[in-house]
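Chemist: Everything below, folded, please.
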Amino acid sequence: SNHPTKKKKKLKETSPPNITKLRNKALDALSYATKYPTVENGFQSNQHVIFALVRDPTERFISSLGQAMGAAGSQMNEMAPILKEACLSNTSKETLSCIARYVQKHGFWIELHFTPQVLDLSFTTLYQDVPVAIISFKHIQAILDHFGSGHVKQRNGTEVRSDDVLKQMTVDDYDEETLRIVCEIYEMDVLMQRTIGLEVPRCDPFIPKG
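Modeler: Numbers count the residues shown, from 1 in each chain. Have a look, this model is predicted:
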């Protein structure tokens, strides 16, 4: 390979992120989100139609860390250099393991892309009892076709990642311990998806059914 070998990083204990500062930045960003329509502005309760695409949490975590570590559109998030300094290694397997432990230690609030999908959905409805149709991300092409947008070019998320190690990362890079950590971080997503008939088989050994 023509790429220089990166020195393996260990999870640092001496320079944790400023969680309060990062959480405040996240809340500030969310404050600019479009407010949900209300009766006061002429939108009745029976007009609320929302659908959401959800992903297998173990697949989504790899996509999330790619964005959090400085992919196109996220270069200014302030967390990317911290994550890279702590965890970017010479293999995608080592990097994935380190990031999983980092999020486990510091919490998913350190970067918006790590937020569980259950919380994303709750924020979208402002915690109101509004029905949401939940569909597997695997059916995105059918949904685009339904809305007459099947011809739209879909972005390849791996291409916009900032480092070759991240571009090469796949679910095959999970070892048992890393998979356990990610499944436990996103237990709420696993349980939510099971309730609507979407299985997350990689998490079955770690999140008991029934």
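Chemist: So what's the residue count around residue 122?
Modeler: With neighbours defined by other Cβ atoms under 10 Å, the count for residue 122 comes to 14. C-betas here are computed from N, CA, C, even on glycine.
Chemist: so what does the lengthiest helix in the chain touch, helix or strand wise?
Modeler: When the chain is parsed with DSSP state H, its longest helix is helix 92-106. Contact here means 3 or more Cβ pairs under 8 Å, 6 or more residues apart in numbering; DSSP states H and E; on that basis helix 92-106 packs against helix 57-68, helix 80-87, helix 164-167, helix 176-185.
Chemist: Which strands or helices does the next helix-or-strand element following the last one pack on?
Modeler: It refers to helix 176-185. Next in sequence after helix 176-185, counting helices and strands by DSSP states H and E, comes helix 187-195. The contact analysis (3+ Cβ pairs under 8 Å, 6+ apart) places helix 187-195 against strand 50-54, helix 57-68, helix 117-124.
Chemist: Flag the shaky bits of the chain, pLDDT-wise.
Modeler: 1-17, 19, 22-23, 25-48, 73, 75, 154-157 (pLDDT under 70).
Chemist: Is residue 202 in a helix, a strand, or coil?
Modeler: Using DSSP: H, G, I helix; E, B strand; the rest coil, the structure places residue 202 in helix.
Chemist: right, and it touches residue 58 too?
Modeler: Yes: between residue 202 and residue 58 a contact is recorded at 4.8 Å, counting by Cβ atoms under 8 Å.
Chemist: Tell me the secondary structure at residue 160.
Modeler: Per three-state DSSP, residue 160 ends up coil.
Chemist: So it sits against residue 72, correct?
Modeler: Yes: taking contacts as Cβ under 8 Å, residue 160 lies within contact range of residue 72: 3.8 Å.
Chemist: so how many other residues sit close to residue 91?
Modeler: The number of residues packed near residue 91 is 15, by other Cβ under 10 Å.
Chemist: wait, I meant residue 113
Modeler: Neighbourhood size, residue 113 [other Cβ under 10 Å]: 19.
Chemist: returning to that earlier point: find residues that contact each of residue 202 and residue 58.
Modeler: Residues within reach of residue 202 and of residue 58 at once, by Cβ atoms under 8 Å, 6 or more residues apart in numbering, are 171, 174, 179, 183.
Chemist: which residues sit in contact with the last one?
Modeler: In this case it means residue 183. Applying Cβ under 8 Å, 6+ apart to residue 183 gives the contacts 57, 58, 190, 200, 202, 203, 206, 207.
Chemist: No further queries at this time; thank you.
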